[in-house]
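A.B. asks: whatever this is, show me its structure:
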Amino acid sequence: MSPILNETSILKNLNDTSLRHVLDESSMIVNAGNAGDGLNEAFFEIIQSGRPSEVLDTLKRLAQVCCDSLEVVEPWHRYNAQNYWLAEEANTWKLLYCLFADSVTEHPESLESVIVEPTLSQQALVNALFQCDPELRLLQVLVDWLEATAAYQEETTQTAAPVICNNIHWGNTLHELLIGSSLFNKEKNKSMVTCVDPDAPKRQNKVIHSDDKKDDNDLCKKIFTEVRCGKFEEAVSLCIGAGQAWRGAVLQGWRLLHYEKGENGCITLRGNASRDLWKWCALSIANNVSENIHYRATVGILCGNLQSAVSACQGNWEDLLWAHLRVQIEARVDKFLHEHHATAEANTTPADILDLLQNDLQIEEKSLQQVFNAMKSLMDGKRESNYQTCQRYLMLGQVRTIMQDSLEWIENGEDRFVRFLAHLVLVLRHMGKDPQHDIGDKILEKYVSQLIYGLVEGSCEFPELIAYYTSTIPGDRQINLYAELMDQTYKSEYRGNVVEAGIKAGIDVAASARAAIKKAITDIQTGYGNVDSIFTQTSANEKDKTLINKVISSLEWLSLIENQCDEALWLSNAMIRTFIFIGNTDAALLCVSSIRQMFASSELREHLCLKSYLEALEAFATWYRHFISGQPKDVEPLAPNSSFSDKVHHEQRCAQVEQQKAKWRNAILHQSRHTKNLLYNVLLFPGGWLQDENDSEASQNFTKEDRDERTKQLDTLRRLCIPEVCILILKILQSGDDVEQHKEAVKLCDLIADDNRALYEVFTKNKLFEILDRIKESSLLLLEKGRDIFGYELNE
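C.D. replies: All right, here's what the predicted structure looks like:
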């Protein structure tokens with residue numbers, strides 16, 4: 001409405017090319033799918049460097065980076081269905097910029113503080129009205145925004161057909177009239193006008209040349225586009241350049257009357273002193289259905305006739321909103337001028353004309369909410385996009401509604417829209433406008449999860465980015481989210497940077513590392529089922545090497561953090577216990593070897609208990625392998641009719657086998673002694689194997705549930721492993737007919753029954769029967785060898 005407002009629009013700075021990257025055409029990526037690439041990193045750089053006092057600069061940069069990304073692709077792809085979301089996001093940031101800039105700008109509260117002396121200028125009065133009326137100023141801010149975004153789209157797409165400006169009005173028709181009738185064109189000449197004044201077609205009820213008709217249509221569409229883009233002066237110049245200055249004169253009638261003093265004291269008159277009369281005449285053009293649809297829309301917008309502009313908007317959300325707002329501004333300005341004009345001389349409209357105008361042009365003043373309600377029926381069945389819904393709520397000041405609708409959007413919306421919502425929350429917090437903080441936290445949490453699960457193959461190229469957004473979430477959720485990042489980052493070369501970024505962002509990295517390792521342990525338990533039942537299975541095959549390696553390598557997180565070795569050992573023991581439960585001793589041994597820093601603590605004692613058990617199992621597996629498959633085979637018997645040389649060779653071969661058997665027996669003897677010692681180390685472990693009565697300092701960093709689970713697992717392992725160790729010892733002792741070995745097997749009862757160690761307490765009834773049956777076998781063998789049941793020699 002106001003040329004002054006348009007020239008000083010807060011949107012003017014939004015398309016500042018100083019913020020753009022200068023893109024060389026030769027290096028332009030010719031791919032419509034590249035729009036939006038790299039926005040995660042770009043948004044992070046902007047938002048983390050922005051301050052609450054620099055919100056406008058942050059919004060400007062967010063809008064500009066979207067525009068830069070859009071301009072990477074070819075012009076004709078920029079506003080297609082694939083990339084239109086990016087234009088909408090840029091427009092939303094621009095809208096927020098406009099609204100916030102207006103809200104932080106001081107405005108006078110009354111007309112009297114602006115107009116200090118009588119004035120004849122309608123323009124000056126309207127300028128003052130815009131400054132004092134916040135509702136009208138909001139409408140103008142929105143119109144400026146809509147026009148600026150339309151202008152940017154027109155500029156960047158570069159798809160509009162050029163209008164030929166030759167200063168000749170209807171050149172083809174004039175040419176036909178000048179050359180006269182033609183043998184091949186008689187019918188056409190009869191229906192063509194004989195004059196070239198603007199009213200000739202209507203007055204004579206004839207047509208102009210078809211090419212001129214097409215040129216007129218193109219011109220009218222271009223005029224409408226220029227006005228839609230807020231380029232009123234360019235629209236007038238376009239009319240003049242096309243040789244249709246009369247159209248430009250029609251448009252000029254919209255201008256407000258303004259008296260401007262020159263340097264020499266002379267007063268210059270600008271605008272239209274008979275603006276109401278012009279408006280009444282313009283109504284006839286707007287209502288004339290025989291006129292070009294875009295020309296009718298242009299004139300209708302300027303004079304306040306909404307109906308004539310609706311058809312040209314073609315159900316487009318932005319165009320319809322622009323048309324409604326322009327008409328609402330026009331109605332409010334006219335009402336103000338009619339009620340508050342300072343002098344009668346300034347308003348030259350006769351009373352009868354004013355009555356006619358008010359009868360023919362009745363505009364209902366509507367609130368912004370009523371405008372949006374009216375638009376719904378005009379959108380030809382089209383639905384608002386999520387960005388447009390956000391824009392509507394921002395215009396209405398309904399930030400709380402955005403937050404409420406965001407709960408559905410983050411569940412069903414695309415990843416890029418979740419990113420937009422996350423940054424919208426952060427910007428609103430910088431503005432001090434975050435009415436529902438808990439919902440904002442959920443949005444940010446969703447965005448962080450989206451970033452984490454978007455990592456590729458266990459690598460994290462930009463941990464600072466994820467750490468920053470994680471730090472914007474409440475502390476209890478920070479720990480779990482950063483633990484998710486650690487769980488997804490399983491390549492060692494990236495882990496140090498993840499820890500460093502988390503510490504820099506103020507996240508409790510140690511707690512996150514504990515949570516990540518506990519999650520890895522839980523994954524193992526989930527992958528193998530119930531640990532209590534699995535231990536009883538005879539099969540202990542490794543199901544998923546990748547999962548096992550990932551779990552073991554997760555212990556590395558605590559080793560990267562200072563003063564966390566005790567917790568690393570606590571969790572390492574938990575991991576080893578889990579591997580023992582699932583029967584994967586190889587993984588348990590690998591986990592044992594991964595701990596290199598040792599120190600006196602309750603965790604170390606448990607670690608040594610587990611290590612002694614695993615080493616004993618490994619030694620038994622080695623002994624059993626040698627005992628079963630390592631024994632040399634006997635030489636096959638010699639045939640009765642063998643020759644002398646065959647007999648010599650057979651004797652030599654038998655001698656070699658006896659030597660090999662001697663070596664094998666010697667190796668088995670040493671291996672059995674070594675294995676027995678390791679197995680006895682479990683039974684004779686000082687203080688009792690896996691008996692831990694005191695909690696250590698590290699256990700205080702874990703929940704009561706974690707500590708109770710540890711106690712339960714220690715007790716379960718004692719009940720499962722100690723009887724198993726006893727059976728393994730008996731298997732070694734009973735592997736031959738050696739009397740001393742079987743005598744030692746019988747003595748094992750004394751160790752089990754000893755009240756000091758109370759090993760018998762962990763045996764089930766069935767396990768005790770199994771042990772006694774095996775010992776009975778040794779007693780029977782001793783009796784056969786002439787010994788008593790305990791293996792001692794009988795006195796004659």
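A.B. asks: how far out from the middle of the chain is the top helix by length along the chain?
C.D. replies: Taking DSSP state H as the criterion, the chain has its longest helix at helix 644-683. Taking C-alpha atoms, centre = their mean, to the nearest Å, the mean C-alpha location of helix 644-683 is offset from the chain mean by 67 Å.
A.B. asks: check which element follows it along the chain.
C.D. replies: Remark: after helix 644-683, the chain's next helix or strand is helix 704-733, criterion DSSP states H and E.
A.B. asks: only alpha carbons, please: show the helix or strand that comes right after that next one as PDB.
C.D. replies: Downstream of helix 704-733, the first helix or strand assigned by DSSP H and E is helix 739-753. Output in PDB follows, covering the C-alpha atoms of helix 739-753 (Å, rounded to 0.1, in the frame of the first residue of the first chain):
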ATOM      1  CA  VAL A 739      45.900 -95.500  41.300                       C
ATOM      2  CA  GLU A 740      47.200 -92.200  42.600                       C
ATOM      3  CA  GLN A 741      45.000 -90.300  40.300                       C
ATOM      4  CA  HIS A 742      41.900 -92.200  41.400                       C
ATOM      5  CA  LYS A 743      43.000 -91.800  45.000                       C
ATOM      6  CA  GLU A 744      43.100 -88.000  44.500                       C
ATOM      7  CA  ALA A 745      39.600 -88.200  42.900                       C
ATOM      8  CA  VAL A 746      38.300 -89.700  46.100                       C
ATOM      9  CA  LYS A 747      40.000 -87.000  48.200                       C
ATOM     10  CA  LEU A 748      38.000 -84.400  46.200                       C
ATOM     11  CA  CYS A 749      35.100 -85.200  48.500                       C
ATOM     12  CA  ASP A 750      37.000 -83.800  51.500                       C
ATOM     13  CA  LEU A 751      37.400 -80.500  49.600                       C
ATOM     14  CA  ILE A 752      33.700 -80.300  48.700                       C
ATOM     15  CA  ALA A 753      32.600 -81.200  52.200                       C
END
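A.B. asks: over helix 739-753, what's the mean pLDDT, rounded is fine.
C.D. replies: In this model, helix 739-753 has a mean pLDDT of 89.
A.B. asks: on contacts alone, who are the packing partners of it?
C.D. replies: Counting contacts by 3 or more C-beta pairs under 8 Å, 6 or more residues apart in numbering; DSSP states H and E, helix 739-753 is packed against helix 704-733, helix 765-784. Where you see a C-beta, it was placed from the backbone N, CA and C, and this is true even at glycine.
A.B. asks: the shortest one vs helix 739-753, what angle?
C.D. replies: Relative orientation of helix 765-784 and helix 739-753, computed by axes from the mean of the first three to the mean of the last three C-alpha atoms, to 10 degrees: 150 degrees.
A.B. asks: now what about helix 765-784, what contacts it?
C.D. replies: 723, 726-727, 730, 733-734, 737, 739, 742-743, 745-746, 748-749, 752, 760, 763, 788-791 (C-beta atoms under 8 Å, 6 or more residues apart in numbering).
A.B. asks: buried set for that helix?
C.D. replies: 767, 770, 771, 774, 775, 778, 779, 781, 782 (16 or more other C-beta atoms under 10 Å).
A.B. asks: just the first one next, same as before
C.D. replies: Of the residues in helix 704-733, those scored as buried under the neighbour-count criterion (16+ other C-beta under 10 Å) are 706, 710, 713-714, 716-718, 720-726, 728-733.
A.B. asks: who's in contact with residue 317?
C.D. replies: 375, 379, 382, 384, 388.
A.B. asks: verify the contact between the second one and residue 320 for me.
C.D. replies: In other words, residue 379. Yes. Using C-beta atoms under 8 Å, residue 379 is in contact with residue 320, at 6.8 Å.
A.B. asks: those two: which has the busier surroundings?
C.D. replies: When residue 379 and residue 320 are compared for neighbours, residue 320 comes out ahead with 24 against 15, by other C-beta atoms under 10 Å.
A.B. asks: any idea of the mean pLDDT for the host helix or strand of that one?
C.D. replies: Here residue 320 sits within helix 317-340, counting by DSSP H and E. Mean pLDDT, helix 317-340: 90.
A.B. asks: hey, C-alpha coordinates of it in CSV?
C.D. replies: Extracted in CSV, the C-alpha atoms of helix 317-340 (Å, rounded to 0.1, in the frame of the first residue of the first chain):
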residue,chain,number,x,y,z
TRP,A,317,-2.0,-20.6,-1.1
GLU,A,318,0.5,-17.7,-1.2
ASP,A,319,-1.3,-15.9,-4.0
LEU,A,320,-4.7,-16.2,-2.3
LEU,A,321,-3.3,-14.9,0.9
TRP,A,322,-1.6,-12.0,-0.8
ALA,A,323,-4.8,-11.1,-2.6
HIS,A,324,-6.9,-11.2,0.6
LEU,A,325,-4.3,-9.2,2.6
ARG,A,326,-4.0,-6.5,-0.1
VAL,A,327,-7.8,-6.1,-0.2
GLN,A,328,-7.9,-5.9,3.6
ILE,A,329,-5.2,-3.3,3.7
GLU,A,330,-7.0,-1.3,1.0
ALA,A,331,-10.3,-1.4,2.9
ARG,A,332,-8.7,-0.2,6.1
VAL,A,333,-6.8,2.6,4.5
ASP,A,334,-9.9,3.9,2.6
LYS,A,335,-11.9,3.8,5.8
PHE,A,336,-9.2,5.7,7.7
LEU,A,337,-8.9,8.3,5.0
HIS,A,338,-12.6,8.9,4.8
GLU,A,339,-12.9,9.2,8.6
HIS,A,340,-9.7,11.1,9.5
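A.B. asks: buried ones in stretch 470-487?
C.D. replies: Those would be 470-473, 478-487, for stretch 470-487 by 16+ other C-beta under 10 Å.
A.B. asks: cool, and stretch 319-339?
C.D. replies: Counting neighbours by 16+ other C-beta under 10 Å, stretch 319-339 gives 319-334, 336-337 as buried.
A.B. asks: tell me which helix or strand comes right after the one helix or strand in the chain whose mean pLDDT sits lowest.
C.D. replies: Within the chain, no helix or strand scores below helix 3-7, which has a mean of 41 by mean pLDDT, DSSP states H and E. The first helix or strand that comes after helix 3-7 along the chain, using DSSP H and E, is helix 39-49.
A.B. asks: ok, and what's touching that following helix?
C.D. replies: Residues contacting helix 39-49 (C-beta under 8 Å, 6+ apart): 58, 61-62, 65-66, 69, 416, 419, 423, 426-427, 451, 462, 464-465, 468-469.
A.B. asks: does anything pack onto the helix or strand that that helix is followed by? Which helices or strands?
C.D. replies: Downstream of helix 39-49, the first helix or strand assigned by DSSP H and E is helix 55-70. Packed against helix 55-70 by the contact rule (3+ C-beta pairs under 8 Å, 6+ apart) you find helix 39-49, helix 84-103, helix 134-157, helix 415-431.
A.B. asks: can you lay out those helices as TSV showing mean pLDDT?
C.D. replies: Converted to TSV, the helices and strands packed on helix 55-70 look like this (pLDDT from 0 to 100):
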stretch	mean pLDDT
helix 39-49	94
helix 84-103	95
helix 134-157	93
helix 415-431	95
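A.B. asks: next, format these as a markdown table and append distance to residue 560 and mean neighbour count.
C.D. replies: Formatted as a markdown table, the helices and strands packed on helix 55-70 follow (distance: least, C-beta to C-beta, whole Å; neighbours: other C-beta atoms under 10 Å):
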| stretch | distance to residue 560 | mean neighbour count |
| --- | --- | --- |
| helix 39-49 | 23 | 17 |
| helix 84-103 | 38 | 22 |
| helix 134-157 | 47 | 20 |
| helix 415-431 | 28 | 21 |
